[in-house]
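**Q** Sharing a sequence plus its predicted fold:
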Amino acid sequence: MEMIKFDNLTKYYGPILAVDNVSLDIEQGEIFGYLGPNGSGKTTTIRCMMDFIRPSSGVITVEGKNSVTESKFTRSQIGYVPSDPVFYDRSTGDQVLNFVDSIYNVDSSSFRMELSERLDCDLSRKISTLSRGNRQKIALIRAFMFKPSVLVLDEPTTGLDPLIQREFNEIIKELRENGTTVFLSSHVLSEVEELCDRVGILNVGGLVALETMGDIKSRAVRQIEIEFESAPSQKEFNDITGLDNIVLKDRILTADIRGDFNGIIKAASKYSVLNIVTREPNLDEIFLEYYQGSGN
Amino acid sequence: MLIKLMKYDLIRESRSLLFWSLGISFITFLLCAFYPTIKDQASLMDEYMASFPPEMVAFFGGSGSSIATASGYLSLELFGIMAPAIFVVYGCRLAVGSIAGEEYSRTIELMLSLPIKRDIFVVARFIGIAMNLLLLTLSFVSALIISAALFNMDISPFILFQNGLNVWMLAMSLASLTFFVSAARGARGSAYAVGYGVFLVGYIISSLAVFVEWLGQVKYLSFVYYYNGYYAEADLNSLVDGILVTPWLVMSSSIIIFFVLAIIMFPKRDIR
């Protein structure tokens, strides 16, 4: 089931084009990563989805409902975390969350308590006394506590320590198992890699890539190091598709590999192999290629 | 939904309202406490007031009544400029803060991420302003009635109540205008400039219209004219003769117009 749909979304700020003709569909239960450098249009897209700003053209639908004409419904389905949440300073976390409960006509106190324990958040303190990270935790609890069908998260783990980030990942996975769809804008690539099923990469307002994490990983450059019993002939490896930067030093061959390992394994199998070491794909480089406009 | 929003806003604003109420009540008490001294030197004070040009007396809210009378004293010292200025500052501050101020601080984002229709949000915020101003007015009027009784001021509590509401009406008119700008543009600077600017210019126009002929027609654009200029022109004093319907009709119509315009404009624009 299609939960979120962007249909030729375009947004201008005066003469400046912020989002350029973005179209994509996000399925129920999918965790979708929305990536891009600063100023690429990620937050503008999210603000359009939340109906804070109106598209210059194009339509966003959430559960089939238009985000502008039926925004009360679409917002009722969304748990939202902004990149830098600002609350009323004099309120406590509990007061903020009680108000949200009253708007939704629900009592989320038990789940809220569980979330506050897992995220190590004191809800009785005034917002003005809290650190950035603790305010972020309140924003997360606020978004999660009514178990929304859609989560829209804009840089949600900014200011959180690694332990809490890990707990955040677990909560997201649990919510997804219960059918929640997640739209995640993030700069933390490890988080994107661990959580996302698919990513859309935005550059200068336009969507330059829309791929599954599997596809992205398969195209990522990995480094391979093979130790042979005796030095092989480098010629055997020179023509293998996807192999670059081949260096043969004594009995050790190193190379960058893009795609599968079939060619290099076949060539290596002609010799006696003592050890094979591979380095994990470097997603940063792939994203950087897209960010710089050279991705394909 | 409306009630929930209003309740939340009132609770948030309650501490500020308490301090403003205490402040204006204290000022009111001090001014009234000074009245017996003025009264005891009635002839001296009247002589002193007569030494000022009538334009100057009018500019500072003088009503033509003797300063030694309770109505004359309160007209000049309290209802002339002090109370209107305090209420207008409080009302405009609320009007700017309720939308443009929240856009500036970005607290509006989390509020509007909830399933709240924007027009309902505007209505809740507007009623919140009216309620806050009304509560401040009630504190002011209570302090005034008690102080007037304590210091033997010969003036009816009902007249004081009426005049308190007159201050509320002026503050609401300017707060509504400010609220409209705040809702339509989302810019704090513009909203403050319009609210305070219209009050100050209106005050000057209304005070001087009696003496400056070419201001004769412009005065009708001033809310302050409907607050006290209208009475001065008819040779009345609202603290003696009570409140008239016509100026209140003009001010309440303006309030409704700005309120409706805010409801129309805010849902149409992008949040900053």
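**A** That came through, no problem. Computed from a predicted model, the values in this text were never measured in an experiment. Numbering: from 1, shown residues only, chains lettered A, B, ... in the order given.

**Q** quick one: low-confidence parts of the chain?
**A** Looking at chain A here, since you left the chain open. Applying pLDDT under 70 to chain A flags residues A:281-283, A:292-296.

**Q** wrong chain, I was asking about chain B
**A** Where chain B drops to pLDDT under 70, the residues are B:58-64.

**Q** near chain B at all, stretch A:184-194?
**A** No. Against chain B, stretch A:184-194 shows no contacts by C-beta under 8 Å from any C-beta of the partner chain, the least distance being 14.7 Å. For glycine as for every other residue, the C-beta is placed from the backbone atoms N, C-alpha and C.

**Q** what does that stretch contact?
**A** Contact with stretch A:184-194 is made by A:31-35, A:42-43, A:46, A:83, A:151, A:153-157, A:165, A:169, A:172, A:195-196, A:199, A:213, A:283-284, A:287, as judged by C-beta atoms under 8 Å, 6 or more residues apart in numbering or on different chains.

**Q** In helices, which of these appear?
**A** Applying DSSP state H to the contacts of stretch A:184-194, the entries found in helices are A:42, A:43, A:46, A:165, A:169, A:172, A:195, A:213, A:283, A:284, A:287.

**Q** among those residues, which ones are buried?
**A** Applying 16 or more other C-beta atoms under 10 Å in any protein chain shown to those, the neighbour count classes A:42, A:43, A:46, A:165, A:172, A:195, A:213, A:283, A:287 as buried.

**Q** Quick check: the residue in the stretch 101-250 of chain B that chain A sits nearest to vs residue A:93, distance?
**A** Nearest residue of the stretch 101-250 of chain B to chain A: residue B:115, at 3.6 Å (C-beta to the nearest C-beta). Distance, residue B:115 to residue A:93, by C-beta to C-beta, to the nearest Å: 21 Å.

**Q** Next: residue B:238.
**A** Distance from residue B:238 to residue A:93, by C-beta to C-beta: 49 Å.

**Q** the more surrounded of those two?
**A** residue A:93 (25 against 22; other C-beta atoms under 10 Å in any protein chain shown).

**Q** How about that one, nearest residue that isn't a chain neighbour?
**A** Distance criterion C-beta to C-beta, 6 or more residues apart in numbering or on different chains; nearest residue to residue A:93, sequence neighbours excluded, is residue A:123 at 3.5 Å.

**Q** my read: the one you found touches residue A:98, true?
**A** No. Taking contacts as C-beta atoms under 8 Å, residue A:123 lies outside contact range of residue A:98: 9.7 Å.

**Q** host element of residue 12?
**A** I went with chain A, as the question did not name one. Using DSSP states H and E, residue A:12 sits within strand A:2-13.

**Q** oops, chain B please
**A** Assessed by DSSP H and E, residue B:12 sits inside helix B:2-40.

**Q** starting at the chain centroid, how far to the helix or strand just after that helix?
**A** Toward the C-terminal end, the helix or strand that comes next after helix B:2-40 (DSSP H and E) is helix B:42-50. Taking C-alpha atoms, centre = their mean, to the nearest Å, one finds helix B:42-50 lying 29 Å from the centre of the chain it belongs to.

**Q** Which of the residues in helix B:42-50 are classified as buried?
**A** B:45, B:49.

**Q** Please export the C-alpha coordinates of it as PDB.
**A** Extracted as PDB, the C-alpha positions of helix B:42-50 are listed here (Å, rounded to 0.1, in the frame of the first residue of the first chain):
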ATOM      1  CA  ALA B  42      -7.500  72.100  44.600                       C
ATOM      2  CA  SER B  43      -7.200  75.800  43.900                       C
ATOM      3  CA  LEU B  44      -3.500  75.700  43.600                       C
ATOM      4  CA  MET B  45      -3.600  72.800  41.200                       C
ATOM      5  CA  ASP B  46      -6.300  74.300  39.100                       C
ATOM      6  CA  GLU B  47      -4.200  77.500  38.900                       C
ATOM      7  CA  TYR B  48      -1.200  75.400  37.900                       C
ATOM      8  CA  MET B  49      -3.100  73.500  35.200                       C
ATOM      9  CA  ALA B  50      -4.500  76.800  33.800                       C
END
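
**Q** which residues does residue A:206 form a beta bridge with?
**A** residue A:203 (DSSP bridges).

**Q** quick one: contacts of the helix or strand hosting residue A:75?
**A** Using DSSP H and E, residue A:75 sits within helix A:71-77. Applying C-beta under 8 Å, 6+ apart, the external contacts of helix A:71-77 come out as A:49-51, A:61-63, A:65-67, A:104, A:148-150, B:112-117.

**Q** other SSEs contacting the helix or strand following it?
**A** Downstream of helix A:71-77, the first helix or strand assigned by DSSP H and E is strand A:78-81. Where contact means 3 or more C-beta pairs under 8 Å, 6 or more residues apart in numbering or on different chains; DSSP states H and E, strand A:78-81 is packed against helix A:132-144, strand A:150-154.

**Q** buried set for the helix or strand following strand A:78-81?
**A** Next along the chain after strand A:78-81, taking DSSP H and E as the criterion, comes helix A:93-104. Within helix A:93-104, the residues scored as buried using 16+ other C-beta under 10 Å are A:93, A:94, A:95, A:96, A:97, A:98, A:99, A:100, A:101, A:102, A:103.

**Q** again, but for stretch B:141-149
**A** B:141, B:142, B:143, B:144, B:145, B:147, B:148.

**Q** excluding its backbone neighbours, what's nearest the third one?
**A** What it means is residue B:143. Using C-beta to C-beta, 6+ apart, the nearest residue to residue B:143 is residue B:25, at 3.6 Å.

**Q** Burial check on that neighbour, number of neighbours?
**A** Residues lying near residue B:25 (other C-beta under 10 Å) number 19.

**Q** And residue A:59, by the same measure?
**A** Number of residues near residue A:59 (other C-beta under 10 Å) recorded here: 16.

**Q** likewise the one 10 residues further on?
**A** Residue crowding around residue A:69 was assessed by other C-beta under 10 Å; the count is 11.

**Q** any idea how far residue A:259 is from residue A:4?
**A** 31 Å.

**Q** more crowded one of those two?
**A** Neighbours of residue A:259 and residue A:4, each counted by other C-beta under 10 Å, are more numerous for residue A:4; the result is 25 against 14.

**Q** tell me which parts of the stretch 151-272 of chain B are close to chain A?
**A** B:270, B:271.

**Q** Against chain B, how distant is residue A:33?
**A** 21 Å (C-beta to the nearest C-beta, to the nearest Å).

**Q** Might one say that that residue is in contact with residue A:210?
**A** No. Counting by C-beta under 8 Å, residue A:33 sits too far from residue A:210 to count as a contact (10.6 Å).

**Q** what's the overlap in contacts for these two?
**A** A:198, A:199, A:200.

**Q** Which one of these sits in the busiest neighbourhood?
**A** The shared contacts of residue A:33 and residue A:210, ranked by neighbours (other C-beta under 10 Å): first place residue A:199, 26 neighbours.

**Q** Does that residue touch residue A:215 like I think?
**A** No. Counting by C-beta under 8 Å, residue A:199 does not reach residue A:215; the two are 9.6 Å apart.
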